[in-house]
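Enquirer: A predicted structure for the sequence below; I have some questions about it.
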Amino acid sequence: MPTQSPATWSAIILAAGEGTRMKSDRPKVLHEIAGRALVSWVVQTALVAGAARCLVVVGHGRGDVEKELVTRFGKRVEMVLQPDQRGTGDAVRCAMEADHTPEGRLVILYGDCPLIPVALLHDLVGRSDRAGAELALVTATLTDPSGYGRIVRNSAGDVQRIVEDRDCSEEERVIQEVNPGLYAVRADFLRASIAQLTPDNAQGQLYLTDVVELAANRGKLVDLRGDMADLTGVNDQRDLALAAATRRRRMAEELARSGVGVADLDTLYIDAACEVEPGATLGANVHLRGRCVIRAGAHIDVGCVLTNVVIEQDAKILPYTVATDSTIGEGAQVGPFSHLRPQTQLGPRSKVGNFSETKKTTVGEGSKVNHLSYVGDGIIGEGVNIGAGTIFCNYDGEQKHTTVLEDGVFVGSNTQLIAPVTVKKGAYVASGTTVTRDVPENALALSRSKQENKEGYALRLRARLRPKKKP
Ligand code: UD1
Ligand code: CA
C-alpha cells in the first residue's frame, strides 16, 4: 500500500566509506544488487518517499560514485565531499557544514542499506513529528547481532545510547536489539550535537551513533521497531549476496502478484530496470539483465539469459537461449540453445533454432534459421528458409560485409555465403553451395563438383586397409 509522505524533509545519505570488508577495488556502495548500485537503491527509496532534497556524502571512489548518481538521478541529488573518512559522525558533519545545508527535518540513511521500504521512512518521519522528537530511530532484533551497533536501554526500557560492536562490553555484546542505521533528526539539534562528538572509541572515529545518547539525555528521543529483513546493511560479499537474494525474491513475488507466471520465485534473476507485462511467463533460472521488456503472452523457458532484449507478444524463447541487445517479434520462436548477439531483430513469427547464432541481422516475418547456422551482418527478407549449417561468411579478415537474402529465398543446408553478396527474390541455393556472386531472382545457385560412384570400391578399399594377420 502506498503511504503518504509526511511534511517536508530532506535526506542525507552516507556513501563515502571504502568498504574494506568487501575485499574489492570497487567502492562498496557501487556493488550492485539486481543491476543497481547499493547507493542508488537508497537514493531511489529516499526520492520515492518524497525527500525534498537528497544529499549524498561522497569520498572514497568519489568520481565513480558521483558518475553513477548523476547518470541515474541527474540534478535530483546533491554531492557533499567528506575529504577523510573519519566515521559516520564526521560524514554527517561534512553535510551539515556544506553550503545551503537543509534545515528542518532530516532523514539520515547509510548508502549500504539497500532494502529499506518507503513506508518505513514515512513511519519514521511521521512518528518523530508527532512526538516532537529531536531524534527518532528504528531498532530491530537479530539472533546474531554481531557487527551491528547494540541498543542499550535503561531499566524503564527507554533507549539510552548505542554502543558499537567493537566497543561492546561482555554484557552489551549479547544484546540482540540492534541499530539498523536509520534516523530522523532535527537539523538544529544535529548541528549542535555533531560538534560534541569525540573519537574516543575502538576505531578512533566520530560515531554518528553517539548523537543518540545526547538526544536521550534531553528526553527528545523516540524509537520504532523495524523488521531486520528490510534493514540489513551490506558490509561483505556474503551480506551482498543475501541482500540480493531478498531483493530478487521480492521482485519475483511482485511480478507474480501482478499476473506474470513465475515458475520459481527463488531463481528468477531480474534487474530492476526490466519490465515484464502481466500474462507473460518466466521459467526457472531465467536471467533478465539490463533493460529487458517482456510483453504479454511471451514465454521465456528455463535457463535463458537475456540482456537488454525486447520480446514482443506471444514470442517463445525455448530453454538455454542467450540473447543480448536484440528484439524478438510477435509470435517468434527462439531456441533451444540459440545465441542472439547485439542488433539482432527477429520479425513476427520468425524462428531461430538449435545452436544457431545471429549478429547484427534482421530476419523478416516468418523466416527460419532453424539449425546450426551463423548469420552475421545479414538482411533476411520475409518467408526465407535457411537450411542447417548455413554460414554467412561476413568477415574477410579486415572488414565486415553484408549478406542479403530477399523475400522467399530458400537456402539449402551446409551453404556458405561469402559477403558482400545478395540472393534475389525467390532464388534457390542448392545444398553445399559456396555463394560468391549475386544470385538473380528465381534462379538456382549451385556450386558442387559432380558426384561419382565407383562400384564395389569400398570392398577393395577395406581389404587393402585391413591389418594383415600374422602367420
Ligand atoms: C554503522 C553504525 C552501526 C549500525 C550499522 C548498520 C555507526 C558508527 N555505526 O556501522 O551502529 O549498526 O551501521 O548497518 O554509524 N561512511 C561514510 N564516511 C565514513 C564512514 C562511513 O560516508 O567516514 C558511510 C559508508 O560508506 C556506509 C555508511 O556510512 O555507507 C556506514 O558505514 P559502515 O562503516 O558500514 O558502518 P557500520 O560499521 O556498518
Ligand atoms: Ca555498514
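Expert: Yep, it's here. Ligands and ions are numbered 1, 2, ... in the order given.

Enquirer: For beta bridges, what are the partners of L55?
Expert: L55 has these beta-bridge partners by DSSP bridges: I12, E78.

Enquirer: Where does pLDDT dip in the protein?
Expert: By pLDDT under 70, the weakly predicted segments of the chain are 1-6.

Enquirer: Excluding its own residues, what touches the lengthiest helix in it? List them.
Expert: The longest helix of the chain (DSSP state H) is helix 237-258. The contact list for helix 237-258, computed with Cβ atoms under 8 Å, 6 or more residues apart in numbering, reads 22-24, 31, 33-34, 38, 41, 114-115, 229, 232-234, 262, 265-266, 268-270, 272, 276, 278, 282. C-beta coordinates here come from the backbone N, C-alpha and C atoms, glycine included.

Enquirer: And the helices in this structure?
Expert: Using DSSP H, the helices of the chain run over 38-49, 62-73, 88-97, 118-131, 170-173, 187-194, 210-217, 237-258, 457-465.

Enquirer: related to what we said a few turns ago, restrict the contacts of helix 237-258 to the buried ones and give me that as a ChimeraX selection.
Expert: The ChimeraX command for the buried members of the contacts of helix 237-258 (criterion: 16 or more other Cβ atoms under 10 Å) is given here:
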select :22,31,33,34,38,41,114,115,232,233,234,262,268,269,270,276,282
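
Enquirer: Next step: the contacts of helix 237-258 restricted to strands.
Expert: Among the contacts of helix 237-258, the members falling in strands (DSSP state E) are 33, 262, 268-270, 276, 282.

Enquirer: Format these as JSON lines; extra columns: distance to ligand 2.
Expert: What follows is the ones in strands among the contacts of helix 237-258, written out as JSON lines (distance: Cβ to the ion, whole Å):
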{"residue": "I33", "distance to ligand 2": "15"}
{"residue": "V262", "distance to ligand 2": "32"}
{"residue": "L268", "distance to ligand 2": "28"}
{"residue": "Y269", "distance to ligand 2": "25"}
{"residue": "I270", "distance to ligand 2": "26"}
{"residue": "V276", "distance to ligand 2": "32"}
{"residue": "L282", "distance to ligand 2": "33"}
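
Enquirer: just how off-centre is the longest helix of the chain within its chain?
Expert: Distance of helix 237-258 from the chain centroid (Cα atoms, centre = their mean, to the nearest Å) equals 11 Å.

Enquirer: Can I get it in PDB? Just the C-alpha atoms.
Expert: C-alpha atoms of helix 237-258 as PDB (Å, rounded to 0.1, in the frame of the first residue of the first chain):
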ATOM      1  CA  GLN A 237      30.300 -10.200   0.000                       C
ATOM      2  CA  ARG A 238      28.000 -12.500   2.000                       C
ATOM      3  CA  ASP A 239      25.800  -9.600   3.100                       C
ATOM      4  CA  LEU A 240      25.700  -8.600  -0.600                       C
ATOM      5  CA  ALA A 241      24.600 -12.000  -1.800                       C
ATOM      6  CA  LEU A 242      21.900 -12.200   1.000                       C
ATOM      7  CA  ALA A 243      20.600  -8.700   0.300                       C
ATOM      8  CA  ALA A 244      20.400  -9.600  -3.500                       C
ATOM      9  CA  ALA A 245      18.500 -12.800  -2.700                       C
ATOM     10  CA  THR A 246      16.000 -10.900  -0.600                       C
ATOM     11  CA  ARG A 247      15.500  -8.200  -3.300                       C
ATOM     12  CA  ARG A 248      15.200 -10.800  -6.000                       C
ATOM     13  CA  ARG A 249      12.600 -12.800  -4.100                       C
ATOM     14  CA  ARG A 250      10.600  -9.600  -3.500                       C
ATOM     15  CA  MET A 251      10.700  -8.600  -7.200                       C
ATOM     16  CA  ALA A 252       9.600 -12.100  -8.200                       C
ATOM     17  CA  GLU A 253       6.700 -12.000  -5.800                       C
ATOM     18  CA  GLU A 254       5.700  -8.600  -7.000                       C
ATOM     19  CA  LEU A 255       5.700  -9.800 -10.600                       C
ATOM     20  CA  ALA A 256       3.700 -12.900  -9.800                       C
ATOM     21  CA  ARG A 257       1.200 -10.800  -7.900                       C
ATOM     22  CA  SER A 258       0.800  -8.600 -10.900                       C
END
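
Enquirer: Give the buried residues for that helix.
Expert: By 16+ other Cβ under 10 Å, the buried positions in helix 237-258 come out as 239-240, 243-244, 246-248, 250-252, 255.

Enquirer: now it against helix 38-49, angle please.
Expert: In terms of direction (axes from the mean of the first three to the mean of the last three Cα atoms, to 10 degrees), helix 237-258 departs from helix 38-49 by 40 degrees.

Enquirer: just to revisit the earlier point, out of the helices of the chain, which gets nearest to ligand 1?
Expert: Between ligand 1 and the helices of the chain, the tightest spacing by Cβ to the nearest ligand atom is seen for helix 88-97, at 3.5 Å.

Enquirer: Could you check that closest one against ligand 1 for contacts?
Expert: Yes: judged by Cβ under 6 Å from any ligand atom, helix 88-97 and ligand 1 are in contact via 88, 90-91.

Enquirer: Return the distance of the nearest residue to G412 once chain neighbours are set aside relative to Q205.
Expert: Once flanking residues are discounted, G412 sits nearest to S431: 3.3 Å by Cβ to Cβ, 6 or more residues apart in numbering. S431 is 74 Å from Q205, where distance means Cβ to Cβ, to the nearest Å.

Enquirer: Next: P83.
Expert: In terms of Cβ to Cβ, P83 sits 15 Å off from Q205.

Enquirer: that older thread, and the longest helix of the chain, is it in reach of ligand 2?
Expert: No: using Cβ under 5 Å from the ion, we find that helix 237-258 stays clear of ligand 2, coming within 8.3 Å at best.

Enquirer: Including distance to S373, could the buried residues of helix 237-258 go into a markdown table?
Expert: Below are those laid out as a markdown table (distance: Cβ to Cβ, whole Å):
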| residue | distance to S373 |
| --- | --- |
| D239 | 45 |
| L240 | 40 |
| A243 | 42 |
| A244 | 37 |
| T246 | 42 |
| R247 | 39 |
| R248 | 35 |
| R250 | 41 |
| M251 | 36 |
| A252 | 35 |
| L255 | 34 |
